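**Student:** Got a predicted model here, sequence first, then my questions.
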Amino acid sequence: MASLPLDTLKRIYDAIAEKGWANLSLSDVAQVTEMDLATLRGHLSSKYDLIGQLNRQIDAEVLNEVGSVDPDDPARDRLFEVMMARFDALEPFKDALGVMAMAARSDLHLAAKTRRSIEQSMGWMLEAAGLNSGGWKGTFRRNGLALVYVRTSLVWLKDETEDLSSTMKTMDQALSDAERWANSVEGGNVGGGLGQLRERMQSMADKVRSRSSGGGQRYRDEPDDSEASEPA
């Protein structure tokens, strides 16, 4: 599938914020992008492809932004820089991602596609931070960083501070927790580290499944940060 540029994706995601995910049709997408359906088919097989389209473009933006990190910096500092650059790049899409996070409560396909796309992107974020994303350790790191991303994004979606101080605080704490899990693996306690990660991810998934659909309500109106699914 041919990639859609960021400015085109911005128009589409603005339409998602306005109409809601469930109400957005491919005809709506064609209209806001000023394409006919035949041309749009060359970019999308369904509207769910918009998730991967955005994440791939954001990956590229972050990789261009951070350039080469200093390998002498601690891994946690490198990851912090990379992940905050990602949230900066996602800022124009924030409202739409909040709407999609709400929609993923009842749209299991949206939730699954989002999760897979995030895990793929986290591999690139690890590489941008100078960390190997391959092998069984890479799998552990990708899953762990995906959890860091989801945990932080729940705060980011509601963070209206100019310097994203709440987001940075949550990111720092989440990376600290992930560092402890990583140390469990490096220290030989692979089962314990993976077990903690599985339990945490299962807990978050159970919370999402236990809630009813949010309908057309905006994510930022929700009182509990832990009750929505992850954004794209």
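**Tutor:** Structure received.

**Student:** Stretch 127-137 spans what distance, first to last residue?
**Tutor:** End-to-end span of stretch 127-137 (Cα to Cα, to the nearest Å): 13 Å.

**Student:** In it, which residues are buried?
**Tutor:** In terms of neighbour count (16 or more other Cβ atoms under 10 Å), stretch 127-137 has its buried residues at 127-131, 133. Every C-beta, even on glycine, is put in place using the N, C-alpha and C of the backbone.

**Student:** just those residues now: which is nearest Ala182?
**Tutor:** Among the buried residues of stretch 127-137, Leu131 lies closest to Ala182 (Cβ to Cβ), at 9.8 Å.

**Student:** Where do the strands of the chain begin and end?
**Tutor:** In the chain, no strands are defined using DSSP state E.

**Student:** Any idea which helix or strand in it has the lowest mean pLDDT?
**Tutor:** helix 190-210 (a mean of 50; mean pLDDT, DSSP states H and E).

**Student:** Between all of the buried residues of stretch 127-137, which two are separated the most?
**Tutor:** Gly130 and Ser133, at 10.7 Å, using Cβ to Cβ across the buried residues of stretch 127-137.

**Student:** Where do the helices of the chain begin and end?
**Tutor:** In the chain, the helices defined using DSSP state H lie at 6-19, 26-33, 37-41, 49-66, 75-90, 94-103, 108-128, 135-156, 165-186, 190-210.
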